[in-house]
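**Student:** Sharing a model that was predicted from the sequence below.
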Amino acid sequence: MSRLRPWVALILFLALTLPLMPLQQFFVWIWPRMARVLPMHYHRLVRRILDVRVEVVGAAPGQGPLLIASNHVSWLDIVVLSSVAPLSFIAKKEVGSWPFFGSLARLQRTIFVDRNRRHATGGSRDELRQRLEAGDIMVLFAEGTSGDGRSVLPFKSSFFGVAEVPEVLVQPVTLAYRGHRNLPMTRRLLPAYAWYGDMDLTPHLLGALRAGPIEVVVICHPPLSLGGELNRKGLARHAEEQVRRGLALALHHPSKIR
């Protein structure tokens with residue numbers, strides 16, 4: 001059964017996804033409010049297909065304008081976070097050119113960033129400001145890349161300046177891949193789910209599905225804002241500290257995060 005499990009999950013995923021893609025495109029064109037909400041309900045179903053169990057600690061995001069600053073562990077982060085709130089992502093430009101998954105990203109109204117061109121990054125910041133001013137919730141994987149799931153890389157501060165937009169808050173969020181089959185996630189098993197370095201996506205995806213159900217903790221820390229002596233870099237540093245502390249507690253002292 002373990003050999004069939006990935007293929008059964010993929011068939012169910014495609015049976016759910018393919019009919020909803022044109023519907024979501026219609027909503028993007030005609031009904032922006034529903035275009036925000038449909039991906040959340042869709043990802044809740046995807047989460048069940050993939051057997052990913054999510055525990056939310058703290059006040060989950062309700063409505064924008066809000067910038068979520070999160071650590072980045074896996075392609076599963078998209079499913080996990082999208083199932084918690086109606087949100088969109090900020091992603092590197094290359095994601096938009098990925099077969100199929102790039103189309104899904106565009107349908108979720110992702111903002112694509114070319115980190116190698118300063119002028120293009122400035123344009124992305126302007127687009128981000130416009131989306132926040134329209135009341136969106138946007139997710140920034142503030143490390144700029146994915147990590148091993150046991151540590152947090154330094155947060156890049158370039159996009160935190162959008163907190164200058166009136167009423168925009170920044171909410172640090174910790175993603176902790178903590179459990180596997182109702183047991184603690186081991187250091188040996190975590191790379192089956194943490195997608196980083198030069199891992200190929202397709203073999204990693206199939207391996208994760210084969211490995212079985214997991215438990216992910218989403219810690220929603222209190223929102224932050226620019227003010228007083230807290231500038232853009234200070235805001236990024238403060239968010240990073242909260243996310244790092246949350247990850248350490250979730251992995252090593254889970255009883256203290258509630």
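**Tutor:** Sure, I can see it.
**Student:** Helices of the stretch 1-150 of the chain, start to end?
**Tutor:** Applying DSSP state H, counting those that start in this stretch to the stretch 1-150 of the chain gives helices spanning 5-30, 32-50, 76-82, 101-107, 118-133.
**Student:** Mean pLDDT, distance to A194 and mean neighbour count for the ones you listed - can I get that in TSV?
**Tutor:** Glycine gets a C-beta too; all of them are placed from N, C-alpha and C. As requested, the helices of the stretch 1-150 of the chain are exported to TSV (pLDDT from 0 to 100; distance: least, CB to CB, whole Å; neighbours: other CB atoms under 10 Å):
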stretch	mean pLDDT	distance to A194	mean neighbour count
helix 5-30	95	18	14
helix 32-50	96	15	17
helix 76-82	96	9	22
helix 101-107	96	18	17
helix 118-133	80	26	15
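**Student:** nearest to R232, of those?
**Tutor:** Nearest to R232 among the helices of the stretch 1-150 of the chain is helix 118-133 (11.1 Å), distances taken as CB to CB.
**Student:** how long is stretch 44-55 end to end?
**Tutor:** Start to finish, the residues bounding stretch 44-55 are 13 Å apart (CA to CA, to the nearest Å).
**Student:** Residues contacting the host helix or strand of L251, please?
**Tutor:** Per DSSP states H and E: L251 is located in helix 232-252. Residues outside helix 232-252 that contact it (CB atoms under 8 Å, 6 or more residues apart in numbering) are 69-71, 142, 150-152, 154-157, 160-161, 163, 170, 172-176, 178, 185, 217, 219, 221, 224, 226, 230, 256-257.
**Student:** Using JSON lines, please lay out the helices of the stretch 1-150 of the chain together with distance to G246.
**Tutor:** Shown next, in JSON lines, are the helices of the stretch 1-150 of the chain (distance: least, CB to CB, whole Å):
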{"stretch": "helix 5-30", "distance to G246": "29"}
{"stretch": "helix 32-50", "distance to G246": "21"}
{"stretch": "helix 76-82", "distance to G246": "14"}
{"stretch": "helix 101-107", "distance to G246": "26"}
{"stretch": "helix 118-133", "distance to G246": "24"}
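**Student:** looking at those helices, which is closest to M199?
**Tutor:** Nearest to M199, of all those, is helix 76-82, at 13.0 Å by CB to CB.
**Student:** now the closest one, how far from the chain's geometric center?
**Tutor:** How far helix 76-82 lies from its chain's middle: 5 Å, per CA atoms, centre = their mean, to the nearest Å.
**Student:** Also stretch 65-83?
**Tutor:** How far stretch 65-83 lies from its chain's middle: 1 Å, per CA atoms, centre = their mean.
**Student:** got the end-to-end distance for that stretch?
**Tutor:** Its start and end residues considered, stretch 65-83 measures 18 Å (CA to CA).
**Student:** I'd like to know how far the residue lying closest to V168 once chain neighbours are set aside sits from V73.
**Tutor:** Using CB to CB, 6 or more residues apart in numbering and skipping the chain neighbours, the partner closest in space to V168 is P65 (4.6 Å). P65 sits 26 Å away from V73, going by CB to CB, to the nearest Å.
**Student:** Please enumerate the strands of the stretch 151-258 of the chain.
**Tutor:** If DSSP state E, counting those that start in this stretch is used as the criterion, the strands of the stretch 151-258 of the chain fall at 169-180, 183-184, 214-220.
**Student:** Make CSV out of those strands and add distance to G102.
**Tutor:** As requested, those are exported to CSV (distance: least, CB to CB, whole Å):
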stretch, distance to G102
strand 169-180, 22
strand 183-184, 35
strand 214-220, 24
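**Student:** For R47, which of those is the nearest?
**Tutor:** Closest among the strands of the stretch 151-258 of the chain, using CB to CB: strand 214-220, at 9.2 Å.
**Student:** and the closest one, what other elements does it pack with?
**Tutor:** strand 52-58, helix 76-82, strand 169-180, helix 232-252 (3 or more CB pairs under 8 Å, 6 or more residues apart in numbering; DSSP states H and E).
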